[in-house]
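**Q** everything below, folded, please.
(chains A and B)
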Amino acid sequence: EDQVTQSPEALRLQEGESSSLNCSYTVSGLRGLFWYRQDPGKGPEFLFTLYSAGEEKEKERLKATLTKKESFLHITAPKPEDSATYLCAVLPTDGANNLFFGTGTRLTVIP
Amino acid sequence: DTGVSQDPRHKITKRGQNVTFRCDPISEHNRLYWYRQTLGQGPEFLTYFQNEAQLEKSRLLSDRFSAERPKGSFSTLEIQRTEQGDSAMYLCASSLVGSGSPYEQYFGPGTRLTVT
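**A** Numbers count the residues shown, from 1 in each chain, chains lettered A, B, ... in the order given. The predicted structure is shown next:
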């Protein structure tokens, strides 16, 4: 069965303290892995798509990487405005066209 | 704003009432998805359309739920005889098959349903 596990559930960082969020996945085959940011009471905001192991994508202070079993979202020198829940989702190759989401990591960046 | 829009943003209803939500996707997007999200969980897939055809439905979608996309543009999700367990955020997303990034789904702001 397809499964996505994110860790940690919650993370508190001081402003400027870099860290990484983890997304482990189990799927028969992977068409894509997606990272979203979600602010309270709002819909998820698309960040990155990764398609194959070894791929990396960057946007401002965020960098996403992918291996055959997991993905990392690295946050460099975070600011308070980076506080949000970060969701990971996978699209398997088994014909389904819906995303399978993890439960997210709730990030708080303290000034 | 050319993003996905949803209406209403909030809905409070009494148990047993019917409710209908609307989603307007990004204008050229041909796929439209409905998800449900409860507190502390990631979104869970309900159903999706390609143009006006409903191609897939989750086991989560009970007989009380029905979705339509009559002209391949906006979509509606109706819940009949609402139950307290239906309380959740209902999210709509859209994507463009045939583009360079066909799998990227863009979400709307959601409709928060509270069943009392």
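**Q** can we go C-alpha only for contacts and neighbour counts from here?
**A** Noted.
**Q** could you list the low-pLDDT ranges of the chain?
**A** Assuming you mean chain A. Scanning chain A with the threshold set as pLDDT under 70 gives A:95.
**Q** that was the other one, I meant chain B.
**A** Within chain B, the segments meeting pLDDT under 70 span B:1, B:99.
**Q** chain A contacts on that one?
**A** Residues of chain B lying near chain A by CA under 8 Å from any CA of the partner chain: B:33, B:40-45, B:48, B:91, B:103-110.
**Q** all strands for chain B, in order.
**A** Read by DSSP state E, chain B holds these strands, from start to end of the chain: B:5-7, B:10-13, B:19-24, B:31-37, B:44-50, B:53-57, B:65-68, B:75-79, B:88-95, B:106-107, B:111-115.
**Q** can you list the strands that the third one pairs with?
**A** Using DSSP bridges, strand B:19-24 pairs in its sheet with strand B:5-7 (antiparallel), strand B:75-79 (antiparallel).
**Q** distance from the chain centre to the first one, please.
**A** Which is strand B:5-7. Centroid displacement of strand B:5-7 relative to its chain, using CA atoms, centre = their mean, to the nearest Å, is 10 Å.
**Q** do the same with stretch B:104-116
**A** Distance of stretch B:104-116 from its chain centroid, counting by CA atoms, centre = their mean, is 7 Å.
**Q** same deal with stretch B:71-81?
**A** Between the mean C-alpha location of stretch B:71-81 and the chain-wide mean there is a distance of 8 Å, by CA atoms, centre = their mean.
**Q** can you point out the buried residues in that stretch?
**A** For stretch B:71-81, the buried set under the neighbour-count rule, 16 or more other CA atoms under 10 Å in any protein chain shown, comprises B:G72, B:S73, B:F74, B:S75, B:T76, B:L77, B:E78, B:I79, B:Q80.
**Q** also stretch A:96-108?
**A** By neighbour count, with 16+ other CA under 10 Å as the criterion, the buried positions of stretch A:96-108 are A:N97, A:N98, A:L99, A:F100, A:F101, A:G102, A:T103, A:G104, A:T105, A:R106, A:L107, A:T108.
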